[in-house]
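Asker: Give me the fold of what follows.
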Amino acid sequence: MTTHPGQVDFLSTDAAAALVQRVGLTELLRGLVSALEQDFSRWEDFDKTARLAQHTPDGVMELMPVADASHFAFKYVNGHPKNPQLGIPSIMAFGALMRADTGAPILLSELTLTTALRTAATSVMAAKLLARRSSRTMALIGNGSQSEFQALAFVGLLGIQCLRLFDIDPAATDKLIHNLRTQIPGVQLQRCKSAAEAVQGADIVTTVTADKANATIVSRAMVQPGMHLNAVGGDCPGKTELDAAILPDAKVFVEFAPQSRIEGEIQHMPEDFAVTELWQVLRGEQAGRQHEDEITVFDSVGFALEDYTALRYMHALAREHQLLQPLALLPQLRNPKNLFELLLPPARPNDPAPTQAHRHAIPA
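Answerer: Numbering: from 1, shown residues only. Okay, here's the model as predicted:
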């Protein structure tokens with residue numbers, strides 16, 4: 001899409017939303033799950049690090065980098081639970097994709113919508129490996145911004161037929177039910193009065209709460225044999241959702257153990273507490289669910305590789321649908337060693353032509 005030196009592709013929030021509408025949410029998520037599986041299966045190709053975080057009394061701001069031999073990607077994302085009271089989302093994000101050989105940026109993208117998409121797709125990727133194949137009922141605790149995406153991903157890609165919903169804010173559940181009724185009319189939507197009620201009879205329990213606290217959303221007594229727990233909300237130090245007593249009785253899976261031990265449900269467990277990284281299961285190096293009565297936990301904190309995958313996937317799809325915009329992000333220099341020329345008067349007709357190095361667009 002980029003055709004001029006100095007320009008990069010830009011994927012706006014409106015363009016990302018239009019892309020989802022054109023492709024269809026379920027089909028877009030299906031493709032994203034496949035892309036995630038491919039990238040997680042080549043785990044050793046990536047230079048990985050736990051994200052950098054700045055914590056304040058009101059929330060957290062994070063930078064999430066990752067790279068392979070071809071591309072470098074990063075995401076900026078925040079988590080401020082009180083933001084809706086100010087009229088702004090609690091989670092906002094953007095990111096970029098760069099060429100590894102030159103360092104040149106090729107994409108600047110919104111990632112607020114895309115983060116919700118990739119988080120739901122990652123949940124499905126894990127559940128395909130860890131939940132019982134007969135799972136048809138899911139408890140969804142926390143009915144805020146991520147909840148629709150989790151619900152639609154599990155209904156559309158894993159065959160969930162009944163959603164048991166709970167949030168401490170009844171208006172959040174009202175919003176979720178209103179949105180889902182138009183999308184999945186044949187699915188049972190059951191409003192519950194408590195987390196304990198929501199978990200009753202569930203095959204899968206998804207927790208997506210926002211409060212920055214060590215909470216016990218799901219207690220050990222609520223968990224029955226065979227359940228798969230998709231714990232999404234615990235994503236920074238001091239923030240958890242599950243009763244710690246659940247973990248020793250379960251088989252626990254994570255994205256990137258060094259990060260999960262700082263931020264995930266396992267942050268309160270001993271350093272030698274056994275966990276399995278998802279890529280090991282995808283490649284058949286470790287087992288996922290081994291029997292029907294096993295309790296499995298996906299301790300999902302969000303990892304930069306998921307954003308790398310989402311950036312590349314959305315970039316390619318948006319290019320196909322001609323939804324990218326050119327953004328003049330980089331200097332266009334006649335002499336690439338002379339940055340100061342940006343401050344000089346415009347070139348005259350008889351000035352030397354640009355060098356060969358920047359007659360061409362930055363390739364994708």
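
Asker: All the helices of the stretch 201-350 of the chain, in order from the start?
Answerer: 257-263, 278-282, 304-320 (DSSP state H, counting those that start in this stretch).

Asker: among these, which is nearest Phe74?
Answerer: helix 304-320 (7.3 Å; Cβ to Cβ). C-beta: built from backbone N, CA, C; applies to glycine.

Asker: Give me the buried positions along that closest one.
Answerer: Applying a neighbour-count criterion of 16 or more other Cβ atoms under 10 Å, one finds 304-315, 317-319 buried in helix 304-320.

Asker: about what we covered before: TSV for the helices of the stretch 201-350 of the chain, including mean pLDDT and distance to Thr102?
Answerer: As requested, the helices of the stretch 201-350 of the chain are exported to TSV (pLDDT from 0 to 100; distance: least, Cβ to Cβ, whole Å):
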stretch	mean pLDDT	distance to Thr102
helix 257-263	96	29
helix 278-282	98	29
helix 304-320	98	17
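
Asker: Can you add distance to Pro237 and give those helices back as a markdown table?
Answerer: Formatted as a markdown table, the helices of the stretch 201-350 of the chain follow (distance: least, Cβ to Cβ, whole Å):
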| stretch | distance to Pro237 |
| --- | --- |
| helix 257-263 | 6 |
| helix 278-282 | 22 |
| helix 304-320 | 17 |
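
Asker: tell me how far the worst-scoring helix or strand of the chain on mean pLDDT is from the chain's mean position?
Answerer: One helix or strand of the chain scores below all others by mean pLDDT, DSSP states H and E: strand 214-218, with a mean of 90. The chain centre lies 22 Å from the centre of strand 214-218; the measure is Cα atoms, centre = their mean, to the nearest Å.

Asker: Pull out the buried positions in that strand.
Answerer: Result for strand 214-218 [16+ other Cβ under 10 Å]: buried residues Ala215, Thr216, Ile217, Val218.

Asker: if we can go back for a sec, ok, which of the helices of the stretch 201-350 of the chain comes nearest Gly95?
Answerer: Closest approach to Gly95 among the helices of the stretch 201-350 of the chain is made by helix 304-320 (5.8 Å; Cβ to Cβ).

Asker: what are the C-alpha coordinates of the closest one, in CSV please?
Answerer: Only the C-alpha atoms of helix 304-320 are listed here, as CSV (Å, rounded to 0.1, in the frame of the first residue of the first chain):
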residue,chain,number,x,y,z
ALA,A,304,3.7,-9.5,22.7
LEU,A,305,3.8,-12.4,20.2
GLU,A,306,0.0,-12.2,20.0
ASP,A,307,0.2,-8.5,19.0
TYR,A,308,3.0,-9.3,16.4
THR,A,309,0.7,-11.9,14.8
ALA,A,310,-2.3,-9.6,15.0
LEU,A,311,-0.4,-6.7,13.4
ARG,A,312,0.8,-8.8,10.5
TYR,A,313,-2.6,-10.5,10.0
MET,A,314,-4.6,-7.3,10.1
HIS,A,315,-2.1,-5.5,7.9
ALA,A,316,-2.4,-8.2,5.2
LEU,A,317,-6.1,-8.3,5.4
ALA,A,318,-6.6,-4.6,5.4
ARG,A,319,-4.3,-4.3,2.3
GLU,A,320,-6.5,-6.9,0.5
